[in-house]
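Participant: Got a predicted structure plus its sequence, pasted below:
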Amino acid sequence: MAATTEPIVDAHAGGDNGAQASKKKKAKKVVADNTRYQGAEAVMPILVKSSHAKGRYVVSSKELPAGTLVTVEKASAAIVRNQSFVSICHHCLKTVPSKTQTRAKVDEQGVEVAGQTERVTVPAHSCDKCKMAAYCSEACQRQHAVEHGVQCDALARSNAIAAEHRVPLEHLRSLLALVGRRFADDKNMPGEGVHYKYAAQDVGPTPYSHVLDLNPNRHYLDRSAIKSMQQALKEVLALVPEAARISLPEAVEAACIFNTNHHSLMVNGQQALGVFPFSSLYFQHSCSPNCMYVGENGATLYIRTLTDVAAGTELTIPYVELYQPREQRRRDLLMTRHFWCKCKRCSTLLSNSVDRLMDGIQCTECKSGVMIFEETKEVQDINELITDMSALDQEIQGKFAECEACPAKIEVTKLVDVLKAAITDYSEAHMALQRGEAARARTLMEAYLRKYEDKQVLSPFNTYLVNTYISLFQVCAQLGEVDRAIRYNAVVIERMEGAQGATPENYPRLAEYHMAMGDMCLKQAKLKAANQTPAGRSMARKYFKDARPALEKALKARTAIYGKDSPRAYEVKRLLDEYKKEHDEFVKATDKKKVSKKQIAAAAAAASTPPPPPADMPAQTQPATSAA
Ligand SMILES: C[S@@+](CC[C@H](N)C(=O)[O-])C[C@H]1O[C@@H](n2cnc3c(N)ncnc32)[C@H](O)[C@@H]1O
């Protein structure tokens with residue numbers, strides 16, 4: 001169905017270039033040469049492959065248990081995102097310590113106020129010249145000196161150039177980072193020595209020349225945006241020392257490559273971007289992936305298996321969020337990565353796939369099945385699709401959807417109207433949340449559940465319903481209503497796990513819901529255990545019971561995704577240790593109470609029991625005797 005939310009649109013996608021490109025003669029596909037990257041096979045359990053049909057891809061060279069590291073790659077170039085400019089090291093991407101210093105006071109216009117000073121917090125180490133690079137240590141600043149040296153003058157002017165030509169500052173900074181990488185490569189490995197050096201442990205950055213193997217997808221970018229970029233890059237390059245300068249066409253190509261191939265690095269959130277040629281070239285996307293990538297400190301990308309993988313299986317990663325409708329995933333991929341997903345999950349008939357539930361609308365007749373409309377049209381030309389998404393919408397005119405469980409039929413356009421209304425209501429509730437009106441957002445979201453879930457309008461697994469539960473659990477936690485937050489979080493987990501095949505085993509988002517569940521339940525268990533009443537103890541018992549499996553699942557998933565020695569795995573281990581200690585104490589305390597209760601009961605029983613019969617009287621005659 002076509003009523004999806006607006007996809008995250010690439011700022012430069014669209015325009016009329018796509019249509020022009022579609023008219024161009026299709027280039028003949030050649031099988032890619034893998035020799036440059038074959039070094040990876042010696043140190044990682046993978047084989048690099050390429051075919052006419054698929055292009056480049058990797059397969060497992062042997063059986064791999066979940067959590068096996070299959071790739072480590074250091075970015076050719078990485079940039080700190082604008083908002084983290086002074087808080088993340090521009091060399092290793094670790095947190096930058098700050099210091100306070102006294103400086104001349106400046107007014108709101110940035111003009112110095114004569115004779116006045118002020119104390120300001122600044123990064124511990126930064127470039128005094130451009131003031132555009134912060135470092136966590138002197139050592140990092142030194143190691144970045146060659147790369148930074150060629151960028152420094154241009155960085156100092158980059159803000160003004162970006163504003164003048166209306167191009168994103170990050171695009172200019174990423175190009176400069178690539179120019180820095182190229183210059184450093186030549187310094188480290190002059191001439192022909194620039195090859196992809198792959199090592200499991202101490203991995204060096206992938207050379208700049210390999211970045212140029214990536215597809216810039218230039219024809220999907222808006223022509224006027226490219227023109228502005230050209231003008232801005234011309235000014236930027238003029239400020240790069242001649243020895244490090246590249247030609248303008250190459251600079252535009254490299255900037256486009258960074259734009260369409262970068263990965264977000266999750267250092268303290270998502271505050272850096274990096275380009276990783278090997279991973280981008282060889283790991284294809286699947287909506288049922290068996291691997292996951294994680295960006296970490298040192299601008300390094302780690303890819304590990306999420307599930308057990310048989311030898312010879314293609315290794316895939318997700319490029320987009322997986323718990324969402326098929327069409328939404330495909331549109332997201334189309335707009336951000338410029339391809340129409342043909343993975344196995346997307347190619348399976350909707351009626352045989354969990355995707356029928358992701359934007360599922362319940363049948364109004366039987367209320368037990370969802371309505372299904374199989375999209376039969378094959379996407380032939382994605383260039384046309386990118387420029388005209390309405391082609392996707394037109395397909396539904398005059399078509400009927402059928403219930404999966406009974407003979408009911410309904411016009412697809414009517415279903416789309418239901419979905420559109422559900423999306424509008426969903427957006428309204430979420431906008432309240434964005435405005436910071438937590439209590440109102442909660443009221444709207446609970447009304448949403450009554451309207452769309454209680455009245456069986458949407459499938460319980462529908463993304464909008466599940467996302468509403470997610471927001472409700474977060475909002476209730478924010479409002480300090482922890483019991484309620486736990487109940488909503490439990491529904492999220494139940495739904496995401498229940499929609500089998502929607503997310504792979506050890507999926508990161510689900511791991512975080514388990515983690516939140518374990519954490520909240522443990523906190524509540526401790527709180528209730530401190531309350532000495534029978535009701536308090538009974539609640540504590542319940543929360544202890546729920547905390548443990550949630551933490552164990554979080555540990556299993558985080559170990560697979562981030563590695564067993566990662567800080568994220570340790571964080572769960574610490575909570576599990578705390579759980580054990582608190583639970584043992586609780587059990588001991590309740591046992592003591594049980595013992596003392598037993599003792600009281602025994603003492604009471606002893607007090608009401610008649611004295612034993614005299615030693616010479618037969619025991620069986622005792623009642624009669626005592627009665628007498
Ligand atoms: C991992 S790279 C592969 C590089 C490319 N095959 C080559 O050899 O140069 C990503 C590209 O592969 C294609 N691709 C990856 N996953 C895909 C999928 N699930 N469906 C369709 N195409 C996909 C897209 O063209 C995408 O831009």
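Facilitator: Nice, thanks for sending it over.

Participant: so who does the residue of the stretch 451-600 of the chain found nearest the ligand touch?
Facilitator: Ranked by Cβ to the nearest ligand atom, the top residue of the stretch 451-600 of the chain for proximity to the ligand is Pro504, at 14.4 Å. No exception for glycine: its C-beta is placed from N, CA and C like everyone else's. Residues near Pro504 by Cβ atoms under 8 Å, 6 or more residues apart in numbering: Ser288, Pro289, Asn290, Leu306, Thr307, Leu322.

Participant: which strand is the longest one in the protein?
Facilitator: Identified as the longest strand of the chain according to DSSP state E is strand 112-123.

Participant: Can you pull the residues of this protein lying near the ligand?
Facilitator: 32, 50, 55-56, 281-286, 337, 339, 341-343 (Cβ under 6 Å from any ligand atom).

Participant: Are any of the residues you listed buried, and if so which?
Facilitator: 32, 50, 55-56, 281-286, 337, 339, 341, 343 (16 or more other Cβ atoms under 10 Å).

Participant: Let me know the closest of those residues to the ligand.
Facilitator: Gly55 (2.1 Å).

Participant: Isn't the closest one up against Lys49?
Facilitator: No: the criterion here is Cβ atoms under 8 Å, and Gly55 misses it with Lys49 at 9.6 Å.

Participant: any low-confidence regions in this structure?
Facilitator: Applying pLDDT under 70 to the chain flags the ranges 1-30, 110, 188-203, 266-270, 297, 376-395, 592-628.

Participant: And it, split by domain according to the record?
Facilitator: Per the record, the chain has its domains at 81-102+116-263, 506-602, by automatic domain parsing.

Participant: Just put these in JSON lines and tack on mean neighbour count.
Facilitator: Shown next, in JSON lines, are these (neighbours: other Cβ atoms under 10 Å):
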{"stretch": "domain 81-102+116-263", "mean neighbour count": "18"}
{"stretch": "domain 506-602", "mean neighbour count": "17"}
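
Participant: Please tabulate those in CSV, including the columns distance to Leu69.
Facilitator: Shown next, in CSV, are the domains of the chain (distance: least, Cβ to Cβ, whole Å):
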stretch, distance to Leu69
domain 81-102+116-263, 7
domain 506-602, 7
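
Participant: Ok, which of those comes nearest Val418?
Facilitator: domain 506-602 (26.5 Å; Cβ to Cβ).

Participant: Could you give the separation of that closest one from the chain centroid?
Facilitator: The chain centroid and the centroid of domain 506-602 are separated by 26 Å under Cα atoms, centre = their mean, to the nearest Å.

Participant: returning to that earlier point: and the next helix or strand after the longest strand of the chain, what does it pack against?
Facilitator: The element immediately downstream of strand 112-123 (helix or strand, assigned by DSSP states H and E) is strand 125-126. Strand 125-126 sits against strand 134-135, helix 138-143, with contacts defined as 3 or more Cβ pairs under 8 Å, 6 or more residues apart in numbering; DSSP states H and E.

Participant: Present those as CSV; the columns should include distance to Cys366.
Facilitator: As requested, these are exported to CSV (distance: least, Cβ to Cβ, whole Å):
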stretch, distance to Cys366
strand 134-135, 61
helix 138-143, 64
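
Participant: who's in contact with Asn467?
Facilitator: So Asn467 contacts Tyr426 (Cβ under 8 Å, 6+ apart).

Participant: you'd agree it is in a helix?
Facilitator: Yes: the assignment for Asn467 by DSSP: H, G, I helix; E, B strand; the rest coil puts it in a helix.

Participant: how close does it get to Glu437?
Facilitator: Distance, Asn467 to Glu437, by Cβ to Cβ, to the nearest Å: 18 Å.

Participant: Quick check: end-to-end length of stretch 42-60?
Facilitator: In stretch 42-60, first residue to last residue: 13 Å (Cα to Cα, to the nearest Å).

Participant: what's the closest of the residues of the chain next to the ligand to Leu315?
Facilitator: Among those, Phe283 lies closest to Leu315 (Cβ to Cβ), at 6.5 Å.

Participant: pretty sure that closest one contacts Leu301?
Facilitator: No: with contact defined as Cβ under 8 Å, Phe283 does not count as touching Leu301 (9.7 Å).

Participant: Give the residues shared as contacts by these two.
Facilitator: In terms of Cβ under 8 Å, 6+ apart, Phe283 and Leu301 are both contacted by the residues Thr71, Tyr293.

Participant: host element of the residue of the stretch 451-600 of the chain closest to the ligand?
Facilitator: Here Pro504 is assigned to no helix or strand, by DSSP H and E.

Participant: Which residue, other than its chain neighbours, is closest to it?
Facilitator: Residue nearest to Pro504 in three dimensions, not counting chain neighbours: Leu306, with 5.0 Å by Cβ to Cβ, 6 or more residues apart in numbering.

Participant: do the same with Tyr282
Facilitator: Per Cβ to Cβ, 6+ apart, closest to Tyr282 is Val58, 4.6 Å.

Participant: In the stretch 151-300 of the chain, mark out all the helices, start to finish.
Facilitator: 169-188, 208-211, 223-238, 248-261, 277-282 (DSSP state H, counting those that start in this stretch).

Participant: beta partners of the residue nearest to Tyr282?
Facilitator: Here Val58 sits in beta bridges with Val48, going by DSSP bridges.

Participant: circling back: show me what the longest strand of the chain packs onto, helices and strands only.
Facilitator: The criterion is 3+ Cβ pairs under 8 Å, 6+ apart, and the helices and strands that strand 112-123 contacts are strand 98-106.

Participant: now for the strand it packs on, which elements pack on it?
Facilitator: Partner elements for strand 98-106 (3+ Cβ pairs under 8 Å, 6+ apart): strand 112-123.

Participant: partner strands of the strand it packs on, parallel or antiparallel?
Facilitator: Strand 112-123 is paired, per DSSP bridges, with strand 98-106 (antiparallel).

Participant: and the strand it pairs with, how far out from the chain's middle?
Facilitator: Counting by Cα atoms, centre = their mean, strand 98-106 comes out at 37 Å from the chain centroid.

Participant: Check stretch 213-221 too.
Facilitator: Distance of stretch 213-221 from its chain centroid, counting by Cα atoms, centre = their mean, is 24 Å.

Participant: what's the spacing between Leu307 and Thr316?
Facilitator: Not Leu; residue 307 is Thr. With Cβ to Cβ as the criterion, Thr307 and Thr316 are 11 Å apart.

Participant: Pick out whichever of these two has more residues nearby.
Facilitator: Set side by side, Thr307 and Thr316 show more neighbours around Thr316, with 21 against 18, by other Cβ atoms under 10 Å.
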